[in-house]
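Engineer: quick one, what's the 3D model for this:
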Amino acid sequence: MSIYIGNLSYEVNQEDLTEVFTEYGTVKRVHIPTDRETGRVRGFAFVEMESEADEDKAIQALDGAEWMDRELKVNKAKPREDRSSFGGGRRNKRF
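Structural biologist: Numbers count the residues shown, from 1 in each chain. Predicted coordinates:
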C-alpha cells in the first residue's frame with residue numbers, strides 16, 4: 001500500500017518528502033510524478049512506508065497540515081485504474 005500526498009509545492013523533492021515522512025516510520029519509496037513535456041513536478045506524490053501502521057500515523061498527522069505554504073491532502077492511495085481503453089465510454093457497443 002502507499003500514501004497519496006496532494007497539493008504539494010512544485011519545489012518539492014524526494015529528500016524533502018523522505019525527511020517529513022521518516023518522522024512517522026521507515027520510508028521505503030518516494031515517487032514524485034513529473035509532466036512528460038516540461039519535466040515539472042505535477043503537485044502530488046506517493047510514499048510507501050515499511051508498515052501500514054506507519055502509513056496510518058503519517059496520514060493522521062499530515063492530512064490538512066500546512067507545509068511549504070500549502071495545505072496537504074494525505075490519504076491512502078487508490079489502486080491505479082486500468083487505462084487500456086481509449087475513453088469515450090463506448091467500448092463494445094453497437095449502433
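Engineer: pretty sure residue 49 is in contact with residue 28, am I right?
Structural biologist: Yes. Shown here, residue 49 and residue 28 form a contact pair, counting by C-beta atoms under 8 Å, at 6.2 Å. Bear in mind the C-beta positions are built from the backbone N, C-alpha and C, glycine included.
Engineer: what segments of the protein are strands?
Structural biologist: Chain-ordered strands for the chain, with DSSP state E as the definition, fall at 3-6, 27-31, 44-49, 66-67, 70-71, 73-76.
Engineer: mind checking those strands for the one nearest to residue 17?
Structural biologist: Taking C-beta to C-beta as the criterion, strand 27-31 is the member of the strands of the chain that comes nearest to residue 17, at 4.9 Å.
Engineer: so what's the residue count around residue 70?
Structural biologist: Residues lying near residue 70 (other C-beta atoms under 10 Å) number 15.
Engineer: for the one 4 residues further on, same thing?
Structural biologist: By the measure other C-beta under 10 Å, the count of residues near residue 74 is 21.
Engineer: that one contacts residue 5, correct?
Structural biologist: Yes. Between residue 74 and residue 5 there is a contact under C-beta under 8 Å: 5.3 Å.
Engineer: which residue, other than its chain neighbours, is closest to residue 43?
Structural biologist: In this structure, residue 43 finds its nearest non-sequential neighbour in residue 8, 5.3 Å apart by C-beta to C-beta, 6 or more residues apart in numbering.
Engineer: wait, the one you found sits on residue 44?
Structural biologist: Yes. Here residue 8 lies in contact with residue 44, judged by C-beta under 8 Å, at a distance of 5.9 Å.
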